[in-house]
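**Student:** Build me a structure from this.
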Amino acid sequence: MAKNATGKLDLNKVRNIGIIAHIDAGKTTTTERVLYYTGMVHRIGEVHEGAATTDYMEQERERGITITSAAVTAAWKDYQINLIDTPGHVDFTAEVQRSLRVLDGGVVVFDGVAGVEPQSETVWRQADQYKVPRICFVNKMDRVGADFDRCVRMIVERVNGNPVPIQMPYGQGDDFKGIIDLFTMELVTFSGDNGNIIERHPIPESHRESAETLRTEMIEKIVESDEFLTEKYLMEEAINNDELMAALRVATITGKIQPVLCGSALKNKGVQLMLDRVLDLLPSPLDIAAVKGKHPKTEEDLERRADDDEPLAGLVFKIITDPYVGRLAFIRVYSGVLRTGTTLQNSTKGSRERIGRIVRMFADRREDIEEVHAGDIAAILGLKETFTGDTLCAPDNPITLESIKFPDPVIEVAIEPNSKADQDKMGVALRRLAEEDPTFKVEVDESQTKLRGMGELHLEVLVDRLMREFGVQATVGRPRVAYRETITRPARIDTIFKRQSGGSGQYARVVVEFEPLPEEEQALSKDGLFFVDNTKGGSVPREFIRPTENGMREAVQGGVLAGYPVVGIKATLVDGAYHDVDSSEMAFKIAGSMCLKEGVQKGAPVILEPSMKVEVVVPDEFTGSVVGDLSSRRGIISGMEPRGVGTTTVRATVPLGEMFGYATNIRNMTQGRGSFTMEFEKYTIAPQSIAEQVIKGGR
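**Tutor:** Just a heads-up that it's a prediction; the model follows:
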């Protein structure tokens, strides 16, 4: 499989791709078909029957959704495809993010009826951020109300894409019979038990004219991206399909064009053609620019090409705790060869790791291998200190690759073990779950343990795993919002910390200017604080500046108004004073902490609450009730549009604190026919009445 004449892995024949989309668009069903057609499974497992291969966790099978990204290796036409089926639910968006960080290409699956949905927009933006080339697969063309043209238009309107249909459906809804290939100008049909028999026919007269129109539009868009073909086209010279495909491949890899395909994964139509186009159009590791990194000590910029002869560099992008074999670390090898028995450097942590066992994953099944080549993805067993975002590299040629940034949790629950034995088990279990999931945070204070996550479903699944996988019996409180604090006006604070208790004392003086950090600059802040040293003339010696900053960073975690972390604040150290004998790092750390707390109090502090982007799909007769209900929850309605026959999409921004239990509410309001999706948008200033409740601890 994908080997060249010398027996080495032929990187031209490797594709690292992810299947990404909104919840319920059919990603896992599509992945299941890919596994079946590539011979990895011998019967198709269905999501609705709880039998999908890549949904192997109990929680996934019960809910019929994907929670963790599953990595699968498959072969198609002598090519090796490393495929990652990612979750669609917004609570697990970090899973998508870390997968996109290491993938070379993506297949974005859209629901042919719903079109571009909120989470489709989120994953599209994430793919833009990581510059991941993608092709689009409009799924569910067999459903009543499916509309291929509308879906293509929505890709332009909602995500600013440049979609180019290279196929069109032959019939839609109940009439969906096959796919018209605009390259070969043939009708392709699928028959047999699982769509195994592919037949090609001339395009029926009823669809010939529209197919020719679409082909002309396709050719025009492709030649626009290639100067040589533009010239040929203007000279009215013939352009053959090979030239078109080569130009389309370049335009897809550079992100100028997103080819659009169609089909119905559930009805076994179109997946084989989609696999063919993955090989034709998505990049191999050799088509991707050299990965960039820095030398861990000198900070010098470095690069690594996808080549076995380069020094080893790989990024760990996912950790799974397996009850039988322990911790599995998924790694993308960017350069060099990863071999069992070697010792590597974890350049992120500055530690050494011995590579004991390497396995290739087939969803939840695994196969031992001796080595992993540049451009490939595999999993390592038994790493002790290596977690998500860490770089493993050759000790004599160290490099640190750019890590993966994750969003902060927005919701928390308190948890209390039922017995001493449960308490011991819970500590181990929470540590393991936090190692797997970077968006899951555990906070322990004097009175209780708090679990923090991305949404109600996220925490529900984690608590469920805690009880089932780790056998912990515990009582869980009701979910609470993770509020934040910030300042709204500048403040200049002059703080002196002085203590005399016989012998040498403690002395530190710092003068700091605090100001709100504009939203566009908040990415510069670390832990919510952007610290700048602007001292002159050695008023604060160099060795005391870092302790001053550290004191402030510790203080922002505890907050001032209600104990929530302080964010969006810029602190400029402008002056200070020290004593030759009494000044110490500890004195300046305490002064920094005191100064920050006073700065927040004098900077007109406010409480920030997370606002969520909510999209509700309801039958037309319930639209008024839903809009009224959202408004009563302090929601701001941003738009309404018809979606299919007899249904409307309502879009709004609503504070998270008002959305608890909304799933039950929407079912009751719409006789079980309404549905909604919700994702974090931004933090906004809470009204005074809400802020007062938060400060009193009533919310």
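**Student:** and the longest helix for this structure?
**Tutor:** Ordering each helix of the chain by length in residues (DSSP state H) puts helix 205-224 first.
**Student:** list the helices and strands the very next helix or strand once past that one packs on?
**Tutor:** Next helix or strand after helix 205-224 toward the C-terminus (DSSP states H and E): helix 227-234. In terms of contacts (3 or more C-beta pairs under 8 Å, 6 or more residues apart in numbering; DSSP states H and E), helix 227-234 is packed against helix 205-224, helix 241-253. Bear in mind the C-beta positions are built from the backbone N, C-alpha and C, glycine included.
**Student:** who does the next helix or strand after the last one pair up with?
**Tutor:** Same thing as helix 241-253. Where DSSP H and E defines the elements, the next helix or strand beyond helix 241-253 is strand 258-262. Here strand 258-262 is paired, per DSSP bridges, with strand 134-139 (parallel), strand 163-165 (parallel).
**Student:** Looking at the shortest one now, give me its mean pLDDT.
**Tutor:** Which is strand 163-165. Averaging pLDDT along strand 163-165 yields 94.
**Student:** Paired strands for the helix or strand just after that strand, with orientation please.
**Tutor:** The C-terminal neighbour of strand 163-165 among helices and strands, as given by DSSP H and E, is strand 167-170. Looking at strand 167-170 with DSSP bridges, its partner strands are strand 178-181 (antiparallel).
**Student:** Show me the contact partners of the partner strand.
**Tutor:** Here strand 178-181 makes contact (C-beta atoms under 8 Å, 6 or more residues apart in numbering) with 166-171, 186-190, 203, 207, 211, 261-263, 269-270, 273.
**Student:** Tell me if I'm right that residue 166 and residue 249 touch.
**Tutor:** No. In this structure, residue 166 is not within contact of residue 249 by C-beta atoms under 8 Å, at 11.5 Å.
**Student:** who's more crowded, these two?
**Tutor:** residue 166 (27 against 19; other C-beta atoms under 10 Å).
**Student:** Tell me the spatial nearest neighbour of that one, not counting adjacent residues.
**Tutor:** Excluding the flanking residues, the one nearest residue 166 by C-beta to C-beta, 6 or more residues apart in numbering is residue 259, at 4.8 Å.
**Student:** swap in residue 453?
**Tutor:** That would be residue 459: by C-beta to C-beta, 6+ apart, it lies 4.5 Å from residue 453.
**Student:** Which parts of the stretch 501-650 of the chain are helices?
**Tutor:** Listed in chain order, the helices of the stretch 501-650 of the chain (DSSP state H, counting those that start in this stretch) span 542-558, 585-602, 623-632.
**Student:** Just say which of these is most tucked in.
**Tutor:** When the helices of the stretch 501-650 of the chain are scored by mean count of other C-beta atoms under 10 Å, the highest mean neighbour count falls to helix 585-602 (a mean of 22).
**Student:** now the angle between helix 542-558 and that helix, please.
**Tutor:** Counting by axes from the mean of the first three to the mean of the last three C-alpha atoms, to 10 degrees, helix 585-602 points 50 degrees away from the direction of helix 542-558.
**Student:** next one: helix 585-602 to chain centre, how far?
**Tutor:** 36 Å (C-alpha atoms, centre = their mean, to the nearest Å).
**Student:** try stretch 343-362
**Tutor:** On C-alpha atoms, centre = their mean, the centre of stretch 343-362 falls 24 Å from that of its chain.
**Student:** Lowest average confidence across helices and strands of the protein, where is it?
**Tutor:** Lowest mean confidence among the helices and strands of the chain (mean pLDDT, DSSP states H and E): helix 58-63, at a mean of 39.
**Student:** pLDDT averaged over whatever helix or strand comes next after it - what is it?
**Tutor:** Following helix 58-63 in sequence order, the next helix or strand is strand 70-76 (DSSP H and E). Mean pLDDT, strand 70-76: 77.
**Student:** Just the C-alphas of strand 70-76, formatted as CSV.
**Tutor:** Extracted C-alpha coordinates of strand 70-76, given in CSV (Å, rounded to 0.1, in the frame of the first residue of the first chain):
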residue,chain,number,x,y,z
ALA,A,70,-11.5,8.6,15.6
ALA,A,71,-8.3,8.0,13.5
VAL,A,72,-8.5,5.4,10.8
THR,A,73,-6.0,4.2,8.2
ALA,A,74,-7.5,2.8,5.0
ALA,A,75,-6.3,2.0,1.4
TRP,A,76,-8.0,3.1,-1.8
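**Student:** What residues sit buried inside that strand?
**Tutor:** Residues of strand 70-76 classed as buried: 70-74, 76 (neighbour count, 16 or more other C-beta atoms under 10 Å).
**Student:** Reformat the residues you listed as TSV; add distance to residue 15.
**Tutor:** Listed next are the buried residues of strand 70-76 as TSV, based on distance: C-beta to C-beta, whole Å:
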residue	distance to residue 15
70	17
71	13
72	12
73	11
74	10
76	9
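**Student:** JSON lines for the helices of the stretch 501-650 of the chain, including mean pLDDT?
**Tutor:** Formatted as JSON lines, the helices of the stretch 501-650 of the chain follow (pLDDT from 0 to 100):
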{"stretch": "helix 542-558", "mean pLDDT": "91"}
{"stretch": "helix 585-602", "mean pLDDT": "94"}
{"stretch": "helix 623-632", "mean pLDDT": "92"}
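**Student:** Minimum distance to residue 120: which of these has it?
**Tutor:** For the helices of the stretch 501-650 of the chain, the distance to residue 120 is smallest for helix 623-632, at 21.6 Å, taking C-beta to C-beta.
**Student:** gap between the closest one and the chain center?
**Tutor:** 31 Å.
**Student:** So which other helices or strands are in contact with that helix?
**Tutor:** Under the contact rule (3+ C-beta pairs under 8 Å, 6+ apart), helix 623-632 is packed against strand 605-619, strand 636-642, strand 647-655, helix 662-669.
**Student:** swap the cut-off to 6 Å and go again
**Tutor:** Judged by 3 or more C-beta pairs under 6 Å, 6 or more residues apart in numbering; DSSP states H and E, helix 623-632 is in contact with strand 647-655.
**Student:** quick one: the strand it packs on to chain centroid distance?
**Tutor:** 23 Å.
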